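Q: need coordinates for the below:
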Amino acid sequence: MSRMIEEIREQPAALERTLAGGLRRAEAFRRIVARRRPRLIVLAARGTSDNAALFGRYLLEITTRIPVSLAAPSILTLYGARVDYRDALVVAISQSGESTDTNFLLERARAQGALTLGITNERSSSLARLAEHVFLVRAGKERSVAATKTYTGQMLLLYLLAWSLGGAIRAADLERLPALVESALGLEAEVHELSSRYRFMRHAVVVGRGLNYANAFEFALKLMETCYVVAERFSSADFLHGPIALVEPNFPVFAFAPAGVTWGSMGETLKRLHALRAEVVAITDPGNNEAAGRATRVIRLPRRVKEVMTPIPYIVPAQLFAACLAEQKGLDPDRPRTLSKVTLTL
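A: Residues are numbered from 1 along each chain as shown. Sure thing, here's the model as predicted:
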C-alpha cells in the first residue's frame, strides 16, 4: 500500500487535530483583526498550497467581502518591484514552510508593516519564524511527495481565517467535516474499481466552478504528478469558451458537481459534453439528483453536503482516484519521477 493512500485515510484525524488547535488561534486572531481590519488580503503559495490559496480566494471574498489577490512572487524576487502591502493581510501558505519565494514575499510585506500570517504543517519552519501570526496544520509528517492531508488541512485553516474575519462560517459546520471526510473514505473500493477503466488514460480534463474550481486544479495536479496523465483544468464557464473543442467521443472529463449556485453552469457544461459523447465522471452528493442524468459515471458521496462545505469532502474521492490509478498503471505515487517533497524557487 502506498503512503499516499495511508495519508489520505489519515485525514479525518488530521482535520480534528487541526480544528481543535486552530480554533484557539483563530479566536485570538479574530480579536486582532477586529482592531486592524485589512483592506486587502494577499495569498502567496506554490504547488498544492497554491491550489489551497485559490480556494481561499473564493471563500474569503464570498464570506468576508474583502478583496483577495493571489500573489505572483516573481514580481518581487525576479523583477524587484516594490509592491505596497501596507494595510493588507498577507498570508503565506506552505506545507513545509520552506518555500523560498513565498517566504521572501512574506518577509518583505512584514517589513512594510503588513499584517502577516503563515499557514504551515511545520511549526519549526522558516515560515513559522517569519510570520507575525501562525495557523498550524496538524497533519503529522507527510512523507508522500503527493500532498493530500496537508491540502485539506490548509483549506480547513482558510475556513477558520474567514471566520476570524467575520465571515459567514459556522463552527458547527466545520466540526462536521471530519465525519464527512470519513464517509467519503468509504468510497475507496468503488473508486479503486472505477480507476481500472482508465488504466490507459493519457489525457483528461477536470472542471469545477466557484469554491470547487481549486479542486479542479488539485485533482489535475495529482493526475499529472502521480499518474503522468496530461490533465487540463478549467472553470466550467471558461471551458465552454473554447477548450470544449478538444472533446471527442470517449474523451475523459472529470467534474465537481455539487448542488447549489454553480450547478446551473456545471449542468449546462455536462449537457454539452453528453451531446459530444464524452466520458464524464461527476463527483457529487445526494443533494444533486440531476448529475447522474448528465454523466457517464457518478462518484456520489454518502452524505449530503452544504455547498460552502463541499471542497474538503469532494477532493477525497479525487485523491483516492489518483492514488488508485497510479497503482493500476504500475507507478509509485509516493515517488514521482523528477520530483521531491520540497521545491525551492525564486
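
Q: from here on, contacts and neighbour counts on C-alpha atoms
A: OK.

Q: for the residue nearest in space to the middle of the chain, which non-adjacent residue is spatially closest?
A: For the chain, Ala52 is the residue whose C-alpha lies nearest the centre (CA atoms, centre = their mean; 4.0 Å). The shortest distance from Ala52 to any non-neighbouring residue, by CA to CA, 6 or more residues apart in numbering, is to Met155 (5.8 Å).

Q: check Ala259 too.
A: In space, Ala259 is closest to Asn288, 4.9 Å off (CA to CA, 6+ apart).

Q: check contacts around the one you found.
A: Listed by CA atoms under 8 Å, 6 or more residues apart in numbering, the contact set of Asn288 reads Ala257, Pro258, Ala259.

Q: which SS class is it?
A: coil (DSSP: H, G, I helix; E, B strand; the rest coil).

Q: mind checking how far it is from Ile169?
A: Remark: distance between Asn288 and Ile169 (CA to CA, to the nearest Å) = 22 Å.

Q: phi, psi for Val68 please.
A: Main-chain dihedrals, Val68, degrees, to the nearest 10: phi -130, psi 140.

Q: list the buried residues of stretch 47-55.
A: Going by neighbour count (16 or more other CA atoms under 10 Å), the buried part of stretch 47-55 is Thr48, Ser49, Asp50, Asn51, Ala52, Ala53, Leu54, Phe55.

Q: host element of the fifth one?
A: When secondary structure is defined by DSSP states H and E, Ala52 falls within helix 47-64.

Q: can I assume Gly167 sits in a strand?
A: No: assigned with three-state DSSP, Gly167 falls outside any strand and is coil.

Q: could you list the domains of this protein?
A: As recorded under automatic domain parsing, the domains making up the chain are 3-169, 180-328.

Q: could the ones you listed go into JSON lines alongside mean pLDDT?
A: Shown next, in JSON lines, are the domains of the chain (pLDDT from 0 to 100):
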{"stretch": "domain 3-169", "mean pLDDT": "96"}
{"stretch": "domain 180-328", "mean pLDDT": "96"}
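
Q: okay, these in TSV with distance to Asp334 next?
A: Formatted as TSV, the domains of the chain follow (distance: least, CA to CA, whole Å):
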stretch	distance to Asp334
domain 3-169	4
domain 180-328	8
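
Q: the protein: strands as residue ranges?
A: Per DSSP state E, the chain carries strands over the ranges 40-45, 68-70, 88-94, 115-120, 133-136, 203-208, 230-235, 252-256, 279-284, 297-300.

Q: ok, and which of the ones you listed has the densest surroundings?
A: Ranked by average neighbour count under the criterion mean count of other CA atoms under 10 Å, the strands of the chain are headed by strand 88-94 at a mean of 28.

Q: and it, which strands flank it?
A: Its sheet considered, strand 88-94 pairs with strand 40-45 (parallel), strand 115-120 (parallel) by DSSP bridges.

Q: let me have these in JSON lines, extended by distance to Thr150.
A: Converted to JSON lines, the strands paired with strand 88-94 look like this (distance: least, CA to CA, whole Å):
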{"stretch": "strand 40-45", "distance to Thr150": "13"}
{"stretch": "strand 115-120", "distance to Thr150": "8"}
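
Q: returning to what we had before: would JSON lines of the strands of the chain with distance to Ala26 be doable?
A: Conversion of those to JSON lines gives the following (distance: least, CA to CA, whole Å):
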{"stretch": "strand 40-45", "distance to Ala26": "16"}
{"stretch": "strand 68-70", "distance to Ala26": "19"}
{"stretch": "strand 88-94", "distance to Ala26": "14"}
{"stretch": "strand 115-120", "distance to Ala26": "11"}
{"stretch": "strand 133-136", "distance to Ala26": "8"}
{"stretch": "strand 203-208", "distance to Ala26": "29"}
{"stretch": "strand 230-235", "distance to Ala26": "31"}
{"stretch": "strand 252-256", "distance to Ala26": "29"}
{"stretch": "strand 279-284", "distance to Ala26": "30"}
{"stretch": "strand 297-300", "distance to Ala26": "33"}
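
Q: mind listing what the residue nearest to Leu325 when sequence neighbours are not counted touches?
A: Nearest residue to Leu325 in three dimensions, chain neighbours excluded: Ser195, at 5.3 Å (CA to CA, 6+ apart). Contacts for Ser195 (CA under 8 Å, 6+ apart) come out as Phe321, Cys324, Leu325, Gln328.

Q: touching, the first one and His192? I think so.
A: Yes: in this structure, Phe321 sits in contact with His192. The criterion is CA atoms under 8 Å, and the distance is 6.7 Å.

Q: which one's more surrounded, these two?
A: Each of Phe321 and His192 has its neighbours counted (other CA atoms under 10 Å); Phe321 has more, 26 against 19.
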